[in-house]
Structures are given as C-alpha cells and as structure tokens.
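# Got a predicted structure plus its sequence, pasted below:
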Amino acid sequence: MTSKEPTPDRAENNAFFPSPYSLGAYVPPRSDYDATEHERTTSTRRKVLLIGADERYLELQNGRWFSTGNHPVETLLPVLHLEQAGYDIEVATSSGNPMKYEFWAFPGEDEAVRDAYERLRSKTEHPKKLSAVLSGELGPDSDYAAVFVPGGHGAMINMADDPDIGAALAWALANDRVVITLCHGPAALLSARDEDGKNLFAGYSVCAFPDSFDTGPNVEIGYLPGQMTWLLSKTLQDNGINVVNDDMTGGVHRDRLVLTGDSPLAANALGKLAVETLAEVATRGAAT
C-alpha cells in the first residue's frame, strides 16, 4: 500500500514533501490545459507581472516544515493562456531571489506545461526584485496590464504581510489593472492595506483554497506534515474579504477586476477568464 507518511526533504532538517499517497491522489500525469486559441491583444499594455514565492519552507504547528513554493499547474496554465493571447510575462520576487516551485507537483507527461516552464525558466531563476519594479516600472502609464500571484502553499509563508507585494496590488487597484490569483495565492491580498490598516480588498469576493482541506484531508493523507499555523479563508474573511466557496471544484470567480480560482483544478479556466477580462479592459480603454 502506498504510504501516507510525508517524505523527508533531505535538504533541510525536519522538512517534508507530500506523501507518495497524496501525490498519487493530487498530481495527475497531465493537466487539463485545453490549448484554447485566443485573439492576440493589440493593446500597448501587454506585460503581466508574475509575483512568485521566494521561500521554500512553511513552518507548521508541530515544528515540522512543509517543503513548498508555487504550484506549477497554478502558475503555468494561466501563463500558457496569457502567452497565447500575446502577453509577455515578467517575473519578480520580493527578495529578488529565485522563484520556488513545488517540483513534486509537475505533471510528468504534460509537454505544454514543461515547455512553458522552460520558456519562463530564465526569468524564474533570475527574477526582478519587486521593489525595483515598483520604483521604475509601475505608474499610471505602465505597460503592465495585470498582476498575477500564483498559488501553492509558498504564498502562505511571507506574502500576507509583505509591503512590496501590498504596494504592487494597491497599484493595480488604483490604476484599473487586473489582479489574478488562485488557491493559496490570495494570501497576498492580505498585504494590501491603507494608512489605517484596512485591507484594500475588503468588500471583494474571491475563490480560495478551502480551509477544510488544509485541516482535514491534506493532513490525513500526508500532503501536509502537520496542521498549519493559520488558515487562508478564515483570515481573508476576518479582513473583510468574502470567500464564495467552501469546496474544491475548479471554480473561478470575478469581482470587478479581481479574478480568483479555488485550486489547481481552476488554473485552466482562470487563464481563459484572465484573457477575456484583459480583452474587455483593453477595449474599454480604447473607447475612452
């Protein structure tokens, strides 16, 4: 019988990858990417700022560390749709250090995902420092059309209180740019606050990874090596952000220009929704 015990990560003391059983349950050999053909954008704003996780280890209640990062399907399926529509992906991390992937979650027989990873590899291994993007590339006339924060438990490590991530998201809201995120990526929304500490996304509705999975099945089957120190959906709701789902169905949601999805199952649909929304914004901008 396949083991439900988390697999030790030999690169770090008391750190663990998901169990073989959980990977068998959660990581199919191919994603559901459907290679939809999109009309290529004619907008002058054709860059998407992908803000990646730059930390690997998430500490849990029992003192163990979960070896995580950004989920490759949640990252690369939206990228595939955006690239197909003519958008250029620029990668930044808060530290300027390489973006971390959950390599154990790569669908091993998916050529489209593998090819997208290779095309983006130089940028994920040598990303821009987010503070430099903020100071030099973001303004009302910026050619960035969207900010994309992929999922994966890596977003739970340090994105929720990162001031530069908060500033990038605040810029997107203030300048009518699209915000794209899914699964645990909405943790980054917690970093965007006004001078009084109120969350800038309060009043918005989002899809996010359900807490019931992180407290239940993910621990029971050894995907996580322990209980998390804080829960995403509860914390979003505590900050005035309405979470519209309590299950993992592949659902996506749009509230104004904020696009969200619940899990890797939502990555393909979220990529298509992002392209549709960006086209709508570009058409609206051309008409004014």
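Cool, the structure landed.

# Tell me, how many residues neighbour G203?
G203: 11 surrounding residues under other CB atoms under 10 Å. (C-beta placed from N, C-alpha, C; glycine too.)

# Which residue comes closest to it once chain neighbours are left out?
G240 (6.3 Å; CB to CB, 6 or more residues apart in numbering).

# same check, this time on Y144
Closest residue to Y144 in three dimensions, ignoring its sequence neighbours and counting by CB to CB, 6+ apart: K47, at 4.7 Å.

# Show me what the one you found is bridged to.
D88, Y144 (DSSP bridges).

# you'd agree it is up against V91?
No. Between K47 and V91 there is no contact under CB atoms under 8 Å: 11.0 Å.

# neighbours of the residue nearest to Y144, just the number please.
Counted with other CB under 10 Å, K47 comes out at 16.

# ditto for M1
4.

# And it, how close does it get to I221?
Note on M1: its distance to I221, by CB to CB, to the nearest Å, is 12 Å.

# Quick one: residues contacting the nearest residue in space to R64 that is not next to it in sequence.
When the adjacent residues along the chain are set aside, R64 lies closest to P225, with 4.4 Å between them (CB to CB, 6+ apart). Listed by CB atoms under 8 Å, 6 or more residues apart in numbering, the contact partners of P225 are 6, 16, 60, 62, 64-66.

# Is G166 in a helix, a strand, or coil?
Here G166 is recorded as helix under DSSP: H, G, I helix; E, B strand; the rest coil.

# show me the contacts for it.
Contacts for G166 (CB under 8 Å, 6+ apart) come out as 191-193.

# Kindly recompute the last result at 6 Å.
Listed by CB atoms under 6 Å, 6 or more residues apart in numbering, the contact set of G166 reads 191-192.

# try N242
Taking CB under 6 Å, 6+ apart as the criterion, N242 is in contact with S205.

# Next: L189.
Neighbouring residues of L189 by CB under 6 Å, 6+ apart: F201.

# Now do it, the pLDDT please.
Per-residue confidence (pLDDT) for L189: 98.

# On the three-state scheme, it is what?
helix.

# circling back: most neighbours of all the contacts of P225, which one?
Result: F66 is most packed of those (other CB under 10 Å), 26 neighbours.

# hmm, who's touching the host helix or strand of E59?
Secondary structure from DSSP states H and E places E59 in strand 57-59. By CB under 6 Å, 6+ apart, the surrounding residues in contact with strand 57-59 are 15, 65-66, 68, 153, 156-157.
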